[in-house]
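K.L.:
Fold the following, please.
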Amino acid sequence: MSVPAEQGPLPVHFTGNAGRGKPSLAPPSQIGPNSHLDEILVFARIQKASDVHIGALKPIIFRQFGQLKSMTAGPLNSEQVNLLVATAMPEDFMHRLEQTGDAEYVHTINGWGRYRMAIMKQRDGWDLTARVIPTDIPKFEATGMPSACTSLTKWSQGMVLISGPAGCGKTTTLAVLVELINQSRHDHIISIEEPIEIVYEPKHCQITQREIKTHTLSQANALRAALREDPDILIVSELRDLSTIQLAVSAAETGHLVFGTMNTINAVQTISAVIDSFPAEEQSIVRNMVSESLRGVICQQLIPRKDGTGMVPAYEILLVTPPIANLIRANKMGQINNAITTNKNSGMILMDNSLSELVKGDIISKEEAHERANNPASIGQLLARKTLSKLRFLEAASNREMVLNDLIKYGILEEASGSELRLKENVQIPADVIRMIARDDFDKIWALLQQLAQK
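P.N.:
Below you'll find the model as predicted:
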């Protein structure tokens, strides 16, 4: 039986290097339309760019701290782009690119690391996008993940899911957890990736890394084969279809620890995506399986720092406790967020709370938090609660008339005109309304100020 063109044949040359060692290229001080591809990629790493975009009739563009920036004054012509694509493309992939119109693989530069390349045909010619892969796996302490996440690496069996939008650092988070296992356990780790991005150096663990379309035809094939290769831990770069999710859930139930990534935005959506991928008639059984095998969910986003010096992660952490497992089993998904909130002392946190903490620490802007929140209204509530907490001392005030003066004295309100006051957020309110509420009941003024702070 012949192999379909989009699946094979597998390339003859299937080994690659990690991009480590002595640099093979001096770091360039600048780039231009005629720069060699390796010079462009090395310059991107020096500039702390996350992605490189090269296309016909466009300048070379870097994504730095979430923003696209042109790095050349003028656009590249088709011949210049064709040369860069030809330079980038391994010989084994050229035939596939010509047949399918797109290809994905990893380009390595000795001493300058690895770059995930995506090349495709588009209206104006070839288009090349390169993701700059970190050369080193960050220390857990440097990631900002709650310390409770280390517990997810200590299970002997079960499933851990890492989710978030594309480009949010899921691969790096996965690598940090795998490296913790590599340093602390004596197990066989098998990873199935498309493509292999971070190359692990075995420490206490034996590590087998397989790349789809280079070492195996599909995720499903690789997972089935992995179960016969004496694994302790399975790493699946992305759970995206029913067959892969079925195999991952089954592996977690049969004594393996499975780590996988998904492109979902919060813990509840992640769990629902796993269950909903199965046919409707099987979902009640799958819900029970997931409630018993799921160990935790880490959702994340990468957000530009307020000072423009880089990106910072925000996390939503769900650790599956018996009460949360019961909620999953009973299909009460709407109550999981409340369970996360009430269990914050165990290391759990909602994304919106994480965003609010970053705003309170003056690390990201309020606008960025609002734009990325699952529930934007909650960001205002959380920030208002922090800002207005100074008012708590007024609850015991015997003279409610003094509340208004104290609000002005402590800089919570300011006079906008002779008849109006405003909060720091520049929300204007009539002074006589504040006086009336202040004379009546502190709780009412508290509620009004919280409401105004959300606007």
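K.L.:
Helices along the stretch 1-150 of the chain, start to end?
P.N.:
Ranges of helices within the stretch 1-150 of the chain are 37-46, 78-88, 91-100, 140-143, based on DSSP state H, counting those that start in this stretch.
K.L.:
any idea which of those is most buried?
P.N.:
helix 37-46 (a mean of 20; mean count of other Cβ atoms under 10 Å). Glycine gets a C-beta too; all of them are placed from N, C-alpha and C.
K.L.:
Other residues contacting that one?
P.N.:
25, 27-28, 30-31, 35, 51-52, 54, 60, 62, 71, 84, 87-88, 107, 109, 112-113, 115, 130, 132, 135 (Cβ atoms under 8 Å, 6 or more residues apart in numbering).
K.L.:
buried subset of these?
P.N.:
Buried by 16 or more other Cβ atoms under 10 Å: 31, 35, 51-52, 54, 60, 62, 71, 84, 88, 107, 109, 112-113, 115, 130, 132, out of these.
K.L.:
before we move on, back to that, tell me which of the contacts of helix 37-46 fall in strands.
P.N.:
In strands, judged by DSSP state E, the following of those are found: 51-52, 54, 62, 107, 109, 113, 115, 130, 132.
K.L.:
just to revisit the earlier point, a markdown table for the helices of the stretch 1-150 of the chain, including mean pLDDT and distance to His204?
P.N.:
Converted to a markdown table, the helices of the stretch 1-150 of the chain look like this (pLDDT from 0 to 100; distance: least, Cβ to Cβ, whole Å):
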| stretch | mean pLDDT | distance to His204 |
| --- | --- | --- |
| helix 37-46 | 96 | 30 |
| helix 78-88 | 87 | 36 |
| helix 91-100 | 77 | 34 |
| helix 140-143 | 93 | 16 |
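K.L.:
Quick one: those helices as a markdown table, columns for distance to Val320 too.
P.N.:
Formatted as a markdown table, those follow (distance: least, Cβ to Cβ, whole Å):
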| stretch | distance to Val320 |
| --- | --- |
| helix 37-46 | 38 |
| helix 78-88 | 43 |
| helix 91-100 | 40 |
| helix 140-143 | 20 |
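K.L.:
can you tell me the average pLDDT over the longest helix belonging to the chain?
P.N.:
Longest helix of the chain, by residue count under DSSP state H: helix 170-184. Per-region confidence: helix 170-184 scores 96 on mean pLDDT.
K.L.:
Summarise which helices and strands it is packed against.
P.N.:
Other helices and strands packing on helix 170-184, by 3 or more Cβ pairs under 8 Å, 6 or more residues apart in numbering; DSSP states H and E, are helix 140-143, strand 158-163, strand 188-193, strand 233-236, strand 257-262, strand 294-304.
K.L.:
Compute the first-to-last residue distance for stretch 102-117.
P.N.:
Stretch 102-117 has an end-to-end distance of 10 Å (criterion: Cα to Cα, to the nearest Å).
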